[in-house]
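A.B. asks: below are the sequence and a predicted model for it; my questions follow.
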Amino acid sequence: MEFLVSNYPPLKTGCKTFADTFYGLIPQTSKLDIAVGYVSSDALIELQKTIELNCNIQALNLIVGMHYFDKFTKVQYNAAMHLNEFLTENNMGGVRLVTAFRYHGKLYSYSNDKGPFACIIGSNNLSSIIDGGVRVYENSVLLQEQNATKEMSGFISQLAQTATKNIAELDINEFNQENPLLEGHEFVKRLSPHDIALAMYAKTKISFEIPIKPYEISPQSNLNVFFGKGRESKNGLVKPRHWYEVELIVPKNVTSQEGYPQSKTEDAVFTVITDDGWSFKCKVSGDYSKNFRSEGDLKILGKWLKGRLENAGVLKVGEPVTAKTLKDYGRDTFTLTKTITPGIWFLDFEVKK
């Protein structure tokens, strides 16, 4: 038995994290069975990409226990359907929803050609496979005793057979309307309408249009980092880039304009307030200040930009951001505007109607 913890400061331990252990077992695994309460869209697409990049995984069965009753967001549902289609088309398994009762367990079972060899049980939902994000301290236990691994594998199989249906068999047409992507995210604050109004009134004439390069121009960078080469570990694991990981490359004809924040200066890191009410830090870096990213976590800016495209219905999780995606949304730039408050900039990705 091995104790797994989140290791967020100030409570750091000598134990491994859930994410490290989850991925560390992948190279030894041919069949992965998961039964959890809740899922997130980025965790679903990262799970699918992990299966695609690691060909030793021959089967994946995912059971989702709470969303049939508590509803998906449309983005979560699309991601779950995308994963299910991939698995069923390749005869690798599927995504099933518990329909008989609310299932809130979190079980992960790993098997090889000899059968189940490891399992994890604890408080970690599927979103825990994503590094960073929401700062919630979780605890789980890794078990490798034969009796425990067989019993958990058997339970997940029994749960699937007696209390679930494949997601494609269910008529799901009601969704949660709120976008939870940045809610509770580390390094991100939710602002009141009053704070947003104050920021808008504080805008100056120093303003820049930051272009969003589509897949046709940047197939593996900018908003399409996800499609770049995964990160390969010494143990053979290939870990995908995060779906929401982005770093924009801003052209020199923008960064050279007077007033644009410059790298390697005290103005390189600054706070942004967005038109839809979020606040987080951004940073410029690199030659000619060409790199534009969110500070602390590259996924923050990605969740803000790609989340807007997803909520508008023009981008599905797992698909590239193309020129058509941006045209359908109504913008291929966002606006960075300096305010009269030192260190505060205003970000606008609103579509004028």
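C.D. replies: Done, it's in.
A.B. asks: my guess is T21 is in a strand, correct?
C.D. replies: No. Counting by DSSP: H, G, I helix; E, B strand; the rest coil, T21 is not found in a strand; it is helix.
A.B. asks: please enumerate the helices of the stretch 101-250 of the chain.
C.D. replies: 146-163, 193-201 (DSSP state H, counting those that start in this stretch).
A.B. asks: return the most buried member of these.
C.D. replies: Ranked by mean neighbour count, these are led by helix 146-163 with a mean of 15 (mean count of other Cβ atoms under 10 Å). C-beta: built from backbone N, CA, C; applies to glycine.
A.B. asks: with only the CA atoms kept, save it in CSV.
C.D. replies: Output of helix 146-163 as CSV, limited to C-alpha atoms (Å, rounded to 0.1, in the frame of the first residue of the first chain):
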residue,chain,number,x,y,z
GLN,A,146,-3.4,-9.4,-5.6
ASN,A,147,-6.6,-9.7,-3.6
ALA,A,148,-7.3,-6.0,-3.7
THR,A,149,-6.6,-5.5,-7.4
LYS,A,150,-8.8,-8.4,-8.4
GLU,A,151,-11.6,-7.3,-6.1
MET,A,152,-11.6,-3.7,-7.4
SER,A,153,-11.5,-4.9,-11.1
GLY,A,154,-14.4,-7.2,-10.4
PHE,A,155,-16.4,-4.4,-8.7
ILE,A,156,-15.9,-2.0,-11.7
SER,A,157,-17.0,-4.8,-14.1
GLN,A,158,-20.1,-5.5,-12.0
LEU,A,159,-20.9,-1.8,-11.8
ALA,A,160,-20.7,-1.5,-15.6
GLN,A,161,-22.9,-4.6,-16.2
THR,A,162,-25.7,-3.8,-13.7
ALA,A,163,-26.0,-0.1,-13.3
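A.B. asks: tell me which helix or strand the most centrally placed residue in the chain sits in.
C.D. replies: Nearest residue to the geometric centre of the chain (Cα atoms, centre = their mean): D42, 3.1 Å. Element membership for D42 (DSSP states H and E) is helix 41-53.
A.B. asks: tell me which residues in that helix are buried?
C.D. replies: 41-51, 53 (16 or more other Cβ atoms under 10 Å).
A.B. asks: nearest to E186 among the residues you listed?
C.D. replies: Ranked by distance to E186 (Cβ to Cβ), the buried residues of helix 41-53 are led by D42 at 14.6 Å.
A.B. asks: for that closest one, give its distance to L83.
C.D. replies: Distance from D42 to L83, counting by Cβ to Cβ, to the nearest Å: 12 Å.
A.B. asks: same question, S285
C.D. replies: From S285 to L83 the distance is 34 Å (Cβ to Cβ).
A.B. asks: between those two, tell me which one has more neighbours.
C.D. replies: Under the criterion of other Cβ atoms under 10 Å, the comparison of S285 against L83 puts L83 first, with 25 against 16.
A.B. asks: alright, calling it a day.
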